[in-house]
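J.: This is a predicted model, with the sequence first.
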Amino acid sequence: MSSLRSGTILLAACVVLTACGTTSENSGGGGGQTTGASTKCKGTGGKYVIGMSQANVAEPYRQRMDDDIKAAAKGVPQFEVRFTDAQQDNARQVSDVENFVTQQIDLLIISPNEAKPLTAVVKSAYDKGIPVLVLDRKVEGDAYTEWIGADNTEIGRQAGKYVAEKLLPSGGKIAEIRGLAGSTPAQERGDGFRDAIKGKNIDIAVSQDGDWLRDKGQEKADAILKSNPDVQVIYAHNDPMAEGAYLAAKAAGKQDSLKFIGIDALPIPSGGIKAVEAGRLSATFVYPTAGKEAVAAAKQILVDCQQVPKTQTLQTQLITKENATEVYAKANGG
């Protein structure tokens, strides 16, 4: 075979590979999913199984996230979504993801219980060519297709600004009830809050982990109020813990002398917006579940054969007595 003919064949082979996309280019094998459409995409005629690995459904926010994914997925006839509940157990969630990979799912959605323990299994799925959408909480590194969520540091900063300007303009003492210690929102909501109150003569007298749960928030607040009776504001990292703190204060007869702040603002009867409207919480902040955005991203990847951005940051909003009724009505189609 002449060298000219060999070169022509080699060039033709390269053109074919360029048109189709190589395995490593599209699937994440070796180099991650950095360029090209996902090899999982079969267009509108395909059928796709999506695995949704939830950290837990004991939090109303996480149940709402699952519900939002189910509702959005109904609008994409090609999708079948399978859900798991890790029940705040890292090892269980790792196993859930491994089972999804064994089932050969077409795309993984995960809201990690904690960042570090879930990083390796998420990377393993991603490196096998499975597109991965990470919602709300993060993993370490960048071995995923897209992260979708709100800016928790900014939410914490806005909460601190609200306390400094509206609740304690002359300074004072607060207590903090944090989320699960190893989860990124807990760290970021605490960091942002501290940044905003710096130099404002506001002292965080005590900080306790409430693990995002209402009953644990109530338990921690009960102990806080006994050991620090002079706190004036309780900043909780989510609405259920803030409501738990309110119940603890009510049991102690202190509900009228304290102010409570939460985060999530779910537009449901038991959510934070209604708690603000009723006067139990002074404020909360909208924290979108990212459910509908995740399904839209999955459609882009699997059905439309399009790339998605590495990060999709969703917007928050301060909810107070002044706008709670209006925001609730709008969120529910009013």
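T.: Looks like it arrived, so ask away.
J.: C-alpha only now, for contacts and for neighbours.
T.: OK.
J.: Packing partners of the host helix or strand of residue 225?
T.: If you go by DSSP states H and E, residue 225 is part of helix 214-227. Contacts defined by 3 or more Cα pairs under 8 Å, 6 or more residues apart in numbering; DSSP states H and E place helix 214-227 against strand 172-178, strand 202-209, helix 239-251.
J.: helices or strands up against the last one?
T.: The reference is to helix 239-251. On a contact count with 3+ Cα pairs under 8 Å, 6+ apart, helix 239-251 meets helix 214-227, strand 233-236, strand 259-261, helix 272-277.
J.: quick one: average confidence on the shortest one?
T.: Model confidence over strand 259-261 averages 98 on the pLDDT scale.
J.: Output the helices and strands packed on helix 214-227 in TSV; the columns should cover mean pLDDT and mean neighbour count.
T.: What follows is the helices and strands packed on helix 214-227, written out as TSV (pLDDT from 0 to 100; neighbours: other Cα atoms under 10 Å):
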stretch	mean pLDDT	mean neighbour count
strand 172-178	98	23
strand 202-209	97	17
helix 239-251	98	25
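J.: What's the local residue count around residue 68?
T.: For residue 68, the neighbour count with other Cα atoms under 10 Å is 18.
J.: who touches it in this structure?
T.: By Cα atoms under 8 Å, 6 or more residues apart in numbering, the residues touching residue 68 are 289, 291, 292.
J.: ok, which stretches of this structure are strands?
T.: Using DSSP state E, the strands found in the chain span residues 48-54, 79-85, 107-111, 132-135, 146-150, 172-178, 202-209, 233-236, 259-261, 284-285, 311-314, 318-319.
J.: Let's have those strands in CSV, adding distance to residue 223.
T.: Output for these, formatted as CSV (distance: least, Cα to Cα, whole Å):
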stretch, distance to residue 223
strand 48-54, 30
strand 79-85, 30
strand 107-111, 31
strand 132-135, 33
strand 146-150, 31
strand 172-178, 11
strand 202-209, 10
strand 233-236, 13
strand 259-261, 16
strand 284-285, 23
strand 311-314, 35
strand 318-319, 28
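J.: and residue 244, what is it in contact with?
T.: 214, 215, 216, 217, 218, 219, 221.
J.: Excluding residues flanking it in the chain, which one is nearest it?
T.: residue 218 (4.0 Å; Cα to Cα, 6 or more residues apart in numbering).
J.: Could you do residue 57 as well?
T.: Excluding its sequence neighbours, the residue lying closest to residue 57 (Cα to Cα, 6+ apart) is residue 63, at 5.0 Å.
J.: for the helix holding residue 225, which positions count as buried?
T.: Using 16 or more other Cα atoms under 10 Å as the test for burial, helix 214-227 gives 214, 215, 216, 217, 218, 219, 220, 221, 222, 224, 225.
J.: same thing with stretch 69-82?
T.: For stretch 69-82, burial by neighbour count (16+ other Cα under 10 Å) applies to 69, 70, 72, 73, 78, 79, 80, 81.
J.: these two touch, right, the fifth one and residue 44?
T.: Which is residue 78. Yes: using Cα atoms under 8 Å, residue 78 makes contact with residue 44 at a distance of 7.3 Å.
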